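Engineer: make a model of this:
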Amino acid sequence: QPVDKVVNSGQRGWTNWTRCTRLFCMAMGKSRPKQETFLVASSVVARGSGHPFYARLNDILQAAGFDAYVETLCEQFYAPKMGRPSLRPGLYFRALLVGYFEGLDSERGIAWRVADSLAIRDFLGLSLDERTPDHSTLSKTRRLIGLDTHRAVSVWVQQQLAKAGLFKGKTLGIDGTLLEANAAMRSIVRRDTGEGYDAYITGLMQAEGTADPTREARARFDGKRKKRTSNDDWKHPHDPDAKVGKMKDGRTHMAHKVEHAVDMDSGAIAAVVLHPGHAGDTTTLAETLRVATAQVQATQADKGGDIPVPEVVTDKGYHSNQTMIDLRAGGHRSYVSEPKRGRRNWSENAEAKDAVLANRRRIHGERGQNLRRKRGERVERSFAHMYDTGGMRRTYLRRHANILKRLLIQASGFNLGVMMRHLFGIGKPRALQGLSLALSALLSILWRSNCIRVARHAIHALIATMSFYSDLVALRQMGAMRQTGLSTG
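Structural biologist: Below is the predicted model of the structure:
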């Protein structure tokens, strides 16, 4: 309770006594050595409120029967009667979802994060007396469960989006990006002889008369010669699926190419397909479209009836005569941006002429222009969430099957984020970080801008409204509502 107290300021050499009026006084706690209780029941341990994002996501998964579904799906990979205790399938898939939401790039990082957070333990269904999974257990479970099972889990998440009206699959935007492989360029070997890069350079220098070149001499020689690091001649001994490619920042690295097929209506991912890092866009489009069409049909299978072939929206890197012919033959309505090639000669290729000109008419229409603008937004957003903030721009796994398993669950996490954003306005647990700073920066820009006077009036009106309601709450707390006659209406 507020009391009157005389406080000594504590200055040396003189004493200054002041009177503090209506001061809330509190005794200061002091640290003392104490003996901990030998046994504590888990039911009486003080617990926090947890993370609201994971609590809402857990409610969605439990209401849809996620754990029962994945347990039925994974029964074939476990012993029917006896066996050592293993990781529950629901816990394994939830741990990979945590990797996406927390931006963790490795299974070791996922194991550390799970062991460190009580909120994530609740999301995984682990009690305080249960041990969190080790990273080696996550790796063994990933190798145990097949790729088709991971794809089935991804389709199940898409079905939940379709039930909520957030997945249509009528129009698909397709684009690709490169992922840095877990393979170093200095470790590549020749396909024919098996010798390393340094041994190959040494052999070239010895053929020119240098008997025993040093490391610096090899580096100078390699810098002057014309590079011929072709995937036909070189491979990585530990990851044959990784190919030499040029990243977006200009570096040459071992890489994998991943393509996304994104629903243009909701922004949800319809399919994730992994290709060799040196494959061109025109050579990978057919496989990506085949997988995306199959997953869309599997998602919409419970609705019955004929499922239309999806429309295709891509950038100009996918444009070619054969691509246009194949899309038309498959019944796909294409919106593929066309590069400038000058005047075309169609005298010997009438079939390509019809397909190319029909695509050209569509992309210059109003719907085509809207779809091309939306493609850059929808598809690039999935890349940013899955690889830049999702932690998968550099893969720590090898072989396409292992990498694709992780990517499919990453895509499932992204689709669950689409649902969470639709229901609660937040698609990731860390979405509110920096929101106050961004809002203050926006208000500062609007306030300093001389050309936006309406914004100033809006800010003044907002401040006045907030002041009115704060005064109203204060009056209500003081019990003065009846005396002033104010009404909350």
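Engineer: now do the contacts for L138.
Structural biologist: Contact analysis of L138 by CB atoms under 8 Å, 6 or more residues apart in numbering lists 87, 92, 95-96, 107, 110-111. C-beta here means a position set from N, CA and C on the backbone, and glycine is covered the same way.
Engineer: and E338, what does it touch?
Structural biologist: E338 sits next to 316, 319, 356, 359-360, 363 when contact means CB under 8 Å, 6+ apart.
Engineer: one more time with 7 Å, if that's ok
Structural biologist: 316, 319, 360, 363 (CB atoms under 7 Å, 6 or more residues apart in numbering).
Engineer: and R362, what pLDDT?
Structural biologist: In this model, R362 is scored at 93, pLDDT.
Engineer: from R113, how far off is it?
Structural biologist: The spacing between R362 and R113, counted by CB to CB, to the nearest Å, is 47 Å.
Engineer: then Y335 would be within a strand, right?
Structural biologist: Yes - the assignment for Y335 by DSSP: H, G, I helix; E, B strand; the rest coil puts it in a strand.
Engineer: point to the residue nearest the middle of the protein.
Structural biologist: By CA atoms, centre = their mean, the chain has its centre lying nearest to M386, at 2.3 Å.
Engineer: what's the nearest residue to that residue if we skip its chain neighbours?
Structural biologist: Q410 (5.0 Å; CB to CB, 6 or more residues apart in numbering).
Engineer: what of R375?
Structural biologist: Closest to R375 by CB to CB, 6+ apart is G173, at 4.0 Å.
Engineer: cool, and Q297?
Structural biologist: I307 is the one closest to Q297 (CB to CB, 6+ apart), at 5.2 Å.
Engineer: give me the distance between the one you found and L118.
Structural biologist: 44 Å.
Engineer: now swap in P213 and tell me
Structural biologist: 59 Å.
Engineer: and those two? which has more neighbours close in?
Structural biologist: P213 (18 against 14; other CB atoms under 10 Å).
Engineer: my read: the more buried one touches L204, true?
Structural biologist: No - applying CB atoms under 7 Å, one finds P213 not in contact with L204, separated by 9.5 Å.
Engineer: quick one: the helices in the stretch 201-350 of the chain, in order.
Structural biologist: Ranges of helices within the stretch 201-350 of the chain are 215-224, 281-299, 321-329, 350-363, based on DSSP state H, counting those that start in this stretch.
Engineer: tell me where the stretch 51-200 of the chain has strands.
Structural biologist: 171-180, 189-190 (DSSP state E, counting those that start in this stretch).
Engineer: nearest to R378, out of those?
Structural biologist: Taking CB to CB, strand 171-180 is the member of these nearest to R378, at 5.4 Å.
Engineer: can you list contacts of that closest one?
Structural biologist: Strand 171-180 is contacted by residues 245, 247-248, 253, 255-265, 270, 277, 281, 284-285, 288-289, 292, 310-315, 371, 375, 378-379, 383, 387, 392-395 when judged by CB under 7 Å, 6+ apart.
Engineer: in strands only, show me the residues you listed.
Structural biologist: Per DSSP state E, strands hold the following members of the contacts of strand 171-180: 245, 253, 255-263, 270, 311-314.
Engineer: so D241 makes contact with R399?
Structural biologist: Yes - between D241 and R399 there is a contact under CB under 7 Å: 5.7 Å.
Engineer: between those two, which one's more packed in?
Structural biologist: A count of neighbours by other CB under 10 Å puts D241 above the other of D241 and R399, at 20 against 14.
Engineer: separation between that one and D326?
Structural biologist: Separation of D241 from D326 (CB to CB) stands at 25 Å.
Engineer: Q76: neighbour count?
Structural biologist: Neighbour tally, Q76, other CB under 10 Å: 10.
Engineer: please renumber so the chain begins at 57
Structural biologist: Fine by me, first position is 57 from now on; the one you just mentioned is Q132.
Engineer: which pLDDT value goes with it?
Structural biologist: What the model reports for Q132 is a pLDDT of 88.
Engineer: show me the contacts for it.
Structural biologist: Contacts for Q132 (CB under 7 Å, 6+ apart) come out as none.
Engineer: coming back round to it: quick one: closest of the strands of the stretch 107-256 of the chain to Y391.
Structural biologist: Judging those by CB to CB, what sits closest to Y391 is strand 227-236, at 8.2 Å.
Engineer: residues near the residue nearest to R431, how many?
Structural biologist: The burial count assigned to G229 is 27, neighbours taken as other CB under 10 Å.
Engineer: beta partners for it?
Structural biologist: V318, V369 (DSSP bridges).
Engineer: just the one 4 residues further on next, same as before
Structural biologist: On the basis of DSSP bridges, T233 takes part in beta bridges with V314.
Engineer: report pLDDT for it.
Structural biologist: Confidence score, pLDDT, at T233: 92.
Engineer: next one: D288
Structural biologist: 86.
Engineer: and if you look at S500?
Structural biologist: Looking at S500, its pLDDT is 71.
Engineer: no further questions, thank you.
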